[in-house]
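Asker: Any chance you can model this:
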Amino acid sequence: MKALKYTLFLSITMIIACTKPPDYSDTPEIAFISYSNSTMTQGSQNEEFTTLTISFTDGDGDIGIDDSPTVFFKDLRDGTEIITAAATPIPEQGVGNGISGEMYIKVNTTCCIHPDPLLAPDGCGAPFAATGITKDTLVYEIYIKDRAGNKSNVIETGPLVLLCEN
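Answerer: Residues are numbered from 1 along each chain as shown. Just a heads-up that it's a prediction; the model follows:
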């Protein structure tokens, strides 16, 4: 009985020791998971934010650069790149550095954009109710770069609803 326990223990240990490291590409890959809130009120005076969650994989594990932008956002309503963020560097460990995980990024509220520039209120603080627009839908395009300069795939987030009323 005692020999059976040792054999079982050694078999489990050998299976764990023979597990292959993940086979990820050296070019990072990301995927949209979710927002913590799918609705926010527009305006810079608001301290409202949502947390964006994206998953990532990277074969050489070199995600993150100190104080340099590594996560890039583009507002698809007007095509402007409005947000860049620095991901915390992930230290390389051992021989196989393939990594995967999730990033949680705080995204502050922004202004509604009126579809007709001639009717658009001047700035975020102007009342949108007079124009008949009560909400705006925001979608971001996102990609990341690793320390080697490899650019990930480009993804689109789900829709984020901005309430235009002040």
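
Asker: just checking, next helix/strand downstream of the lowest-mean-pLDDT helix or strand in the chain?
Answerer: Within the chain, no helix or strand scores below helix 2-17, which has a mean of 42 by mean pLDDT, DSSP states H and E. Downstream of helix 2-17, the first helix or strand assigned by DSSP states H and E is strand 29-35.

Asker: And the strands in the chain, which stretches?
Answerer: For the chain, applying DSSP state E gives strands covering 29-35, 39-41, 49-58, 71-75, 80-85, 99-108, 135-138, 140-144, 155-156, 160-163.

Asker: For I99, which non-adjacent residue is spatially closest?
Answerer: In space, and not counting its chain neighbours, I99 is closest to G61: 4.4 Å by Cβ to Cβ, 6 or more residues apart in numbering. The way it works is simple: take the backbone N, C-alpha and C, and place the C-beta from them, glycine included.

Asker: okay, the one you found: pLDDT?
Answerer: We note a pLDDT of 81 for G61 in this prediction.

Asker: and what of S68?
Answerer: 68.

Asker: Not counting residues beside it along the chain, what's closest to N108?
Answerer: In this structure, N108 finds its nearest non-sequential neighbour in F49, 4.8 Å apart by Cβ to Cβ, 6+ apart.

Asker: Okay, that neighbour and Y104: tell me how far apart.
Answerer: Using Cβ to Cβ, to the nearest Å, F49 is found at 12 Å from Y104.

Asker: quick one: low-confidence parts of the chain?
Answerer: Applying pLDDT under 70 to the chain flags the ranges 1-22, 44-46, 66-68, 83, 86, 88-97, 117, 119-130, 165-166.

Asker: Contacts only, for S152.
Answerer: Shown in contact with S152 (Cβ atoms under 8 Å, 6 or more residues apart in numbering): T27, P28, E29, I30, F56, Y143, I144, K145, D146.

Asker: can you count the residues close to the residue nearest to Y24 when sequence neighbours are not counted?
Answerer: Excluding the flanking residues, the one nearest Y24 by Cβ to Cβ, 6+ apart is G59, at 3.8 Å. Neighbour count for G59, taken as other Cβ atoms under 10 Å: 21.
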